[in-house]
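A.B. asks: I would like the atomic coordinates for the input below:
(chains A, B and C)
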Amino acid sequence: MISTIYHTLARAYGPLHWWPARTRFEVIVGAFLTQNTSWKNVEHALRNLRRAGALNLASIRRMELRELEELIRPSGYFRQKAARLKTFIEYLDERHEGSLNRMFAQPLELLRNELLELNGVGHETADAILLYAGKLPVFVVDAYAKRVFARHGITESGEKYERVQALVEDALREEESGSALADHYNEFHALLVEVGKRHCGTIAKCASCPLQPLLPV
DNA sequence: GTCCAGGGCCTAC
DNA sequence: GTAGGCCATGGA
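C.D. replies: All right, here's what the predicted structure looks like:
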């Protein structure tokens, strides 16, 4: 069923090639900034950083906290997010000599657990970093994925993150393998957000949804 | 004016 | 282990 949803969405919208960003570090910044925030607001904050020549590791490392807060203000929760970005860079410097290459060279599970220990990194942020910046095979579960799966009777509405993640990963692993897996997780997440934005707002929007024929009666 | 967005943390029970 | 409050801006 999950596989059917993936391929149906892929036919309707794909390929989306998601998370437009120029560097891995930019992906990571976006992952923090988008926490409970619309991507429009995140783009505004990223623009501010780029204009200030600050959308890179070295600049944010040396930047005053207050200045960082002001630049990312449009993305909301700006005090928390500024502190979280600083925390991430401290972790990177202390554990991996400030090198994303070294960080991503670790075994997946070990790295995931390290990220989850950081203040401000929960399941979704950790997995977004692993998948979109590290190209590692991890499916990112977000509010849209939960909503779509619950609507289709695949999960309960309050299903736990790692359970939903396992369902998707088990389903897609059966048909794909190797490095292609990460590409499929990437694409599926993007497709779920796309269909969620377009069709999960109101009941009326269900009628034109590409998944509508799959809905349980 | 109200509601919500590509979460996560902390505190109570 | 989980429900509820909190963090904050910008667009609908």
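
A.B. asks: please name the nearest non-neighbouring residue to the residue in chain A positioned nearest to DNA strand C.
C.D. replies: Here chain A gets closest to DNA strand C at one residue, A:Gly76, 2.6 Å apart by CB to the nearest atom of the strand. The way it works is simple: take the backbone N, C-alpha and C, and place the C-beta from them, glycine included. Leaving aside its sequence neighbours, A:Gly76 sits nearest to A:Thr37 (CB to CB, 6 or more residues apart in numbering; 5.0 Å).

A.B. asks: how about the helices in chain A?
C.D. replies: Under the criterion DSSP state H, helices of chain A are mapped to A:2-13, A:24-33, A:39-51, A:57-62, A:65-72, A:78-96, A:100-104, A:108-117, A:123-128, A:143-151, A:161-173, A:180-199.

A.B. asks: same list (those) but as JSON lines, adding mean neighbour count, mean pLDDT and distance to A:Gln212.
C.D. replies: As requested, the helices of chain A are exported to JSON lines (neighbours: other CB atoms under 10 Å; pLDDT from 0 to 100; distance: least, CB to CB, whole Å):
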{"stretch": "helix A:2-13", "mean neighbour count": "16", "mean pLDDT": "96", "distance to A:Gln212": "10"}
{"stretch": "helix A:24-33", "mean neighbour count": "22", "mean pLDDT": "98", "distance to A:Gln212": "31"}
{"stretch": "helix A:39-51", "mean neighbour count": "16", "mean pLDDT": "98", "distance to A:Gln212": "25"}
{"stretch": "helix A:57-62", "mean neighbour count": "15", "mean pLDDT": "98", "distance to A:Gln212": "44"}
{"stretch": "helix A:65-72", "mean neighbour count": "17", "mean pLDDT": "98", "distance to A:Gln212": "38"}
{"stretch": "helix A:78-96", "mean neighbour count": "17", "mean pLDDT": "98", "distance to A:Gln212": "37"}
{"stretch": "helix A:100-104", "mean neighbour count": "15", "mean pLDDT": "98", "distance to A:Gln212": "40"}
{"stretch": "helix A:108-117", "mean neighbour count": "14", "mean pLDDT": "98", "distance to A:Gln212": "35"}
{"stretch": "helix A:123-128", "mean neighbour count": "22", "mean pLDDT": "98", "distance to A:Gln212": "27"}
{"stretch": "helix A:143-151", "mean neighbour count": "19", "mean pLDDT": "93", "distance to A:Gln212": "10"}
{"stretch": "helix A:161-173", "mean neighbour count": "17", "mean pLDDT": "96", "distance to A:Gln212": "21"}
{"stretch": "helix A:180-199", "mean neighbour count": "20", "mean pLDDT": "94", "distance to A:Gln212": "8"}
